[in-house]
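[1] no sequence on this one, just coordinates:
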């Protein structure tokens, strides 16, 4: 499969906006692009069923119109850890089904961009973990680092964990999550010197980030 797996150092660090920016950049380069958020908690009820706002954004940016269920196969209402949400719903998150859905997307798109859930070491069930899904998909991984106090520790631990799986950490993106981040340049320099992967770009603070604009900041994207 050709594409990317987007993960983050924690939940709420900007994985979705990076996913959208990568999709937009690939489309500008002439690729047919599909996106996927396989597991989403914090969904809202609608006449059509449970819907996740991030998954809806990804669906709208796909080159081909796709059914919601193909973009987000596992949708859960409570905004809690996915394995807990699944257990409360009486469902089992099956990695095999997610991989199959991604393979289907590969037949209609040149590139498939998959957004993970939460951070990296996230359980998907009693035994399955998010890295198990990433290994099965075998996509190059992009790490999103939300720039804030404590991010150096989280970023280095996550980068080390990704490398331990044998997956290709092809780059990382720094996302300025606040109007002002103390010692932001020094944080970025520290991570650049210690993460064995290129810095693909630095996304600036923005109240309402737009994929088209954010794509322009991925200056080192391969």
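    That came through, no problem. Computed from a prediction, not measured in an experiment: that's the story for all the values here.
[2] For the chain, which segments count as helices?
    Taking DSSP state H, the helices of the chain run over residues 15-28, 53-61, 68-71, 82-89, 95-106, 130-137, 151-164, 184-194, 211-215.
[3] quick one: which of these is nearest residue 2?
    Residue 2 sits nearest to helix 95-106 of all the helices of the chain, at 7.3 Å, using Cβ to Cβ. (C-beta placed from N, C-alpha, C; glycine too.)
[4] So for the residue lying farthest from the centre of the chain, what pLDDT did the model give?
    Computed with Cα atoms, centre = their mean, the residue of the chain farthest from its C-alpha average is residue 47, at 26.9 Å. Per-residue pLDDT puts residue 47 at 92.
[5] Then residue 1?
    57.
[6] Let me have the helices of the chain in a markdown table, extended by distance to residue 175, mean neighbour count and mean pLDDT.
    Formatted as a markdown table, these follow (distance: least, Cβ to Cβ, whole Å; neighbours: other Cβ atoms under 10 Å; pLDDT from 0 to 100):
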| stretch | distance to residue 175 | mean neighbour count | mean pLDDT |
| --- | --- | --- | --- |
| helix 15-28 | 7 | 24 | 98 |
| helix 53-61 | 15 | 19 | 97 |
| helix 68-71 | 22 | 18 | 96 |
| helix 82-89 | 22 | 18 | 95 |
| helix 95-106 | 25 | 16 | 96 |
| helix 130-137 | 19 | 19 | 97 |
| helix 151-164 | 10 | 18 | 98 |
| helix 184-194 | 11 | 14 | 98 |
| helix 211-215 | 9 | 19 | 96 |
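[7] Ok, which of these comes nearest residue 122?
    That would be helix 130-137 among the helices of the chain, by Cβ to Cβ, at 4.3 Å.
[8] and the angle for the closest one with helix 82-89?
    100 degrees (axes from the mean of the first three to the mean of the last three Cα atoms, to 10 degrees).
[9] Mind listing residues that contact helix 130-137?
    1, 5, 7, 38, 95, 98-99, 102, 114, 116-118, 120-124, 141, 161-162, 165-167 (Cβ atoms under 8 Å, 6 or more residues apart in numbering).
[10] ok, now stretch 198-215?
    14, 17-18, 20-25, 28, 61, 142, 170-179, 188, 191-192, 217-222.
[11] Same question for stretch 36-54.
    Counting by Cβ under 8 Å, 6+ apart, 16, 19, 55, 58, 68, 70-82, 85, 93, 98, 101-102, 105, 112-115, 117, 124, 133 sit against stretch 36-54.
[12] For it, measure first residue to last.
    10 Å (Cα to Cα, to the nearest Å).
[13] Then stretch 73-82?
    OK, stretch 73-82 end separation, Cα to Cα: 13 Å.
[14] so how far is that stretch from its chain's centroid?
    15 Å (Cα atoms, centre = their mean, to the nearest Å).
[15] Look up the closest residue to residue 214, ignoring the ones flanking it.
    Nearest residue to residue 214 in three dimensions, chain neighbours excluded: residue 21, at 4.0 Å (Cβ to Cβ, 6 or more residues apart in numbering).
[16] Touching, that neighbour and residue 218? I think so.
    Yes: Residue 21 lies in contact with residue 218 (Cβ atoms under 8 Å); the separation is 6.0 Å.
[17] ok, residue 28 - contacts?
    residue 215.
[18] picking up where we left off before, what's the distance between the residue nearest to residue 214 and residue 185?
    From residue 21 across to residue 185, the span is 21 Å (Cβ to Cβ, to the nearest Å).
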